[in-house]
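>>> make a model of this:
(2 chains)
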Amino acid sequence: MSDAASPTELTRLALQRLEEEIDDARWQELLRRHGPPLEAVYQEHARIGQALAALPRPAADPQLTTTILTGIPWRAAPPPRRFWRPSRVMASALVAACVVLAIVLDHELAEPPPLPPAVHQFVALAEHAPAEVADLPRTPPAAEKVNTPDGLSQDAARMKEERDRGPSAAAVSENGAANAGQDSSALAANTPAPTRDLLGSSPPGAPAGAAGAPPGTDGSAPAAMPQVATLNDQMVPHDEASGHAMRTLPRRFGSVQPDDTPPAAAAPAPAAPAAAPATAATAATANDFTVAVPAARIQGAGATEMLTRQALPPEQHSADQLRVGMAAAARWSYTLSLSLRPQLTAEILISTTDAGILPRGALAILGLDAQGRSIWRAPGITPLQDLAAIGPYRIRMIVRFPPGSVPPNVLMLQVSALGATSPSVAIASALPLPPPPPPAPLPGH
Amino acid sequence: MPGTPGNLSAPGASKATAVTDDRFLALRAKAGDRESFSQLVSLYSERLHAMLLHLANHDRDLAAELTQEAFVRAYERLEQFSGQSSFYTWLYRLARNRAFDLLARKRPVAEPGAEPVSAGRSPLEALGDAELRACLGDALRRLPLASRELLVMREFDGWDYERISQALEVPLGTVKSRLSRARQELHALLAGSIQAEDLS
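Residues are numbered from 1 along each chain as shown, chains lettered A, B, ... in the order given. Below is the predicted model of the structure:
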C-alpha cells in the first residue's frame, strides 16, 4: 500500500536520505508508505553520486609539485625552539627545592642531628686573595669584623692575651723560627706578625720534638705510616705548574725544629712581614714534616694530598697544621684533631692555593664526638663565596661554643665536590683560640 | 545507514586517508621545517589540483595556478594555522577563496532547470556508466560554482559533512540543505541534457 506523493515530495525525501537526514527506521517506513517510486528516485540520485565519485581524475602535470615548490618563498628557518624554557622563578624554585632536598638528605643519611644552634657560634668569613699564596698567613682584613661576645675584636682579644702571657710566648715562637735556620728565617719573615701572635700557645722552653710530636718529626716519614706525602716531593711541582709561589707554613712550635739548634740562637723575627714568595717555595724544604694521612679518610680517586703537619702536645691544646692540595676532584676529609677544650673557641684558616671556583658545599667543618661520630656541622662555609668570582680565597672560620657547653671532641674538615675548575685547598692554620676575656668593667664602676 | 555515495572515497582520497594526521607535518613546517612543508605539497598538490580543476571548469592552467597560489599563501600564513582542522581543509579554504574571486566573474553557461524530472523510469536509467560520466562532466560545468563545489567536495573528493562545514564555515544543516539543492540542480541538468540528446 503506497501513498501517492508528488515527484517533488519524493525527490525531497530521497535527497534527505542521501544527506543522511533520515535514519534507517524512518526510511523503511517511508518505503512502505510510498513504495517503488521513492526507491526509484533515491536510486537515481545515488547513481549520479556514484558517477561523480567515479569521474576520472585528470592527470596532473608531473611537474606540478616541483613547480609549486619552486614558487614557495622559502624563508630562513627560525632557531629551534627549546622544548622547555624555565622561567627565572621556576629555576629559582628548582634550586631552592634541590637545596632543601640536599639538606634533608644530608641530615637524614649522613649526620646525626646537630647540636642546637644556641650552643655554638660559627663565623665564616671569606675573601678573595688577589695576592700570592705566600701572603696567606696574613690575618685577613675580614678578621677585624669578627667580634668576641664581649665586643672586642679577635685581634684585640689576641693582643690582650699576648700581653697577659708576657714575652715568653712570643719568644718561643721566634725561637722556633730561629731553629729552623735559614729556611725558618724565611718562614718567619714570611709569616706576618698577627698570625705569629696567635702561635704563642707553646710553653716557654719546650724542647723540640716534645711529647705529642709525631714520630719522624725530624723530617723523615715514618716507615710504617701509609699515604705519606712530603711537601718537597709534591707541592713544589704543583705550584710550579700553577705559577704560584709556595707558601710555607708558619713555624709555631718548638717541637718541630731540629734538635741541634739551640733555642737561644733564635733569630729575631722581623717586625713586619716581608713577602718572599719566590724563595718560600724552596725554603720550605729543610723543615718539612711528613705526616701520615689515614688511608680510610681518603675517598675518591685522583686525590693527591700534600700536607705537612706540626703537632703540639695534646696537653697544650694546640692544633694540627695542614696543607692539602687536591689535584683532581675527589672527596677528602681529614681530622684536624683540634680540641676545643677548654677553650671552646677555635680559628681555622683555609686558603685556596690557586685560582678556581670553589663550589658551594665543597668545604664542611664537622664536629666529632669521642667515638668519631659527627655530632655537629658548621653551618655553611662556601655559601659565603661569590661563585661568580674566581679565587684564590681565604676563608677564616671561628668556631665558638659558649661557656659550659660540651663541644665536639675534635673538628674535622671535609673537602668534597671539587670540580675540575676548583682550586687546591689548603688549611693555613687551625688552632684553638683563648677564651674571650671577661667583659671589661664599665667606666665609673 | 545506507551506503550513500557520499561515503565513497574518491581515488585520490586514499592518499589522504593514509595520512593519519597532517597536522603534525603542518606544525613542523610552521616551526621552520621546509621538508615537512615539501611533504605536504607532495601529498596534496594533485588532489587540490583535481578539485580546483572542477571548480575552474577544467581550465588546467587556471587550476594549476590556483593550486600553486594556494600553497604559497598557505606557506606565508602558516603562523595562522592553529591545528583545529586538518591542513588540507585549511589549505582548501585558502584555495577556494581565491578561486571564487576569479571564477565568480564567470557565469555558468546554463542555469539548471527548476523542476525535477518525474519519478519512475528516467532517461538516466537508459544510459551506461560511460555515457553518464560524459553527461555528468558537462552538467557539472554548467552548475553554479557553489553547487559544483559542494558536489565535488562531497562526491568527488569524499569529504564528510563536518569537514565541508569547517571548510565553508557554514553550519552542518546548511551543508546538507545546500547539497540537496545541488543534487537537484545536477539531476535536472542531466535530465535536460539527455532529453536534448534524445531529441536530437
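>>> lowest average confidence, helix or strand, in chain B?
Taking all helices and strands of chain B together, the one with the lowest average confidence (mean pLDDT, DSSP states H and E) is helix B:13-18, at a mean of 42.
>>> buried residues in the helix ranked longest in chain B?
Among the elements of chain B assigned as helix by DSSP state H, the one spanning the most residues is helix B:172-199. Applying a neighbour-count criterion of 16 or more other CB atoms under 10 Å in any protein chain shown, the buried positions in helix B:172-199 are B:175-194. No exception for glycine: its C-beta is placed from N, CA and C like everyone else's.
>>> so residue A:398, which state does it fall into?
Going by DSSP: H, G, I helix; E, B strand; the rest coil, the secondary structure assigned to residue A:398 is strand.
>>> my bad, residue B:82
The three-state assignment at residue B:82 reads coil, by three-state DSSP.
>>> for the nearest residue to residue B:103 once chain neighbours are set aside, grab the count of nearby residues.
The shortest distance from residue B:103 to any residue other than its chain neighbours is 5.5 Å, reached at residue B:145 (CB to CB, 6 or more residues apart in numbering or on different chains). The number of residues packed around residue B:145, counting by other CB atoms under 10 Å in any protein chain shown, is 18.
>>> quick check: the gap between residue B:145 and residue B:56.
10 Å (CB to CB, to the nearest Å).
>>> repeat for residue B:92
From residue B:92 across to residue B:56, the span is 14 Å (CB to CB).
>>> check residue A:38 too.
Distance from residue A:38 to residue B:56, by CB to CB: 37 Å.
>>> next one: residue A:17
Distance of residue A:17 to residue B:56, computed by CB to CB: 32 Å.
>>> for residue A:102, same thing?
Residue A:102 is 70 Å from residue B:56, by CB to CB.
>>> neighbour count winner among these two?
Neighbours were counted for residue A:102 and for residue B:56 using other CB under 10 Å; residue B:56 has more, 23 against 12.
>>> residues touching the more buried one, list them.
Residues near residue B:56 by CB atoms under 8 Å, 6 or more residues apart in numbering or on different chains: B:62, B:63, B:66, B:99, B:102, B:103.
>>> mind pulling the model confidence for it?
Predicted confidence (pLDDT) at residue B:56: the value is 86.
>>> and if you look at residue A:95?
The score at residue A:95 is 84. That number is its pLDDT.
>>> burial check on it, number of neighbours?
Residues within reach of residue A:95, counting by other CB under 10 Å, total 10.
>>> shared neighbours, residue B:145 and residue B:56?
Residues touching both residue B:145 and residue B:56 (CB under 8 Å, 6+ apart): residue B:103.
>>> the domain parsing of chain B - what is it?
As assigned by automatic domain parsing, chain B contains the domains B:13-106, B:112-200.
>>> among those, which is nearest residue A:48?
Minimum separation from residue A:48 across those (CB to CB) falls at domain B:112-200, 6.2 Å.
>>> what is the mean pLDDT for the closest one?
77.
>>> pretty sure residue A:346 is touching residue A:398, no?
Yes: with contacts defined as CB atoms under 8 Å, residue A:346 counts as touching residue A:398 at a distance of 7.5 Å.
>>> neighbour-wise, which of the two wins?
Legend: neighbour count by other CB under 10 Å for residue A:346 and residue A:398, higher for residue A:346 (23 against 20).
>>> what's across from the more buried one in the sheet?
Beta-bridge pairing of residue A:346 under DSSP bridges involves residue A:399, residue A:432.
>>> how does chain A divide into domains?
As assigned by automatic domain parsing, chain A contains the domains A:1-49, A:115-432.
>>> worst average pLDDT in these?
Ranked on mean pLDDT, the bottom entry among these is domain A:115-432, at a mean of 44.
>>> and stretch A:67-79, what's buried?
Along stretch A:67-79, the positions that meet the burial threshold by neighbour count (16+ other CB under 10 Å) are A:67, A:68, A:69, A:72.
>>> which strands or helices does the helix or strand containing the second one pack on?
Which is residue A:68. Secondary-structure assignment from DSSP states H and E places residue A:68 in helix A:64-71. Counting contacts by 3 or more CB pairs under 8 Å, 6 or more residues apart in numbering or on different chains; DSSP states H and E, helix A:64-71 is packed against helix B:34-55, helix B:60-76.
>>> output these in JSON lines; the columns should cover mean neighbour count and distance to residue A:91.
Formatted as JSON lines, the helices and strands packed on helix A:64-71 follow (neighbours: other CB atoms under 10 Å in any protein chain shown; distance: least, CB to CB, whole Å):
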{"stretch": "helix B:34-55", "mean neighbour count": "21", "distance to residue A:91": "32"}
{"stretch": "helix B:60-76", "mean neighbour count": "20", "distance to residue A:91": "37"}
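>>> mind putting those helices into JSON lines with distance to chain A?
Supplementary listing: the helices and strands packed on helix A:64-71 in JSON lines, determined by distance: least, CB to the nearest CB, whole Å:
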{"stretch": "helix B:34-55", "distance to chain A": "4"}
{"stretch": "helix B:60-76", "distance to chain A": "5"}
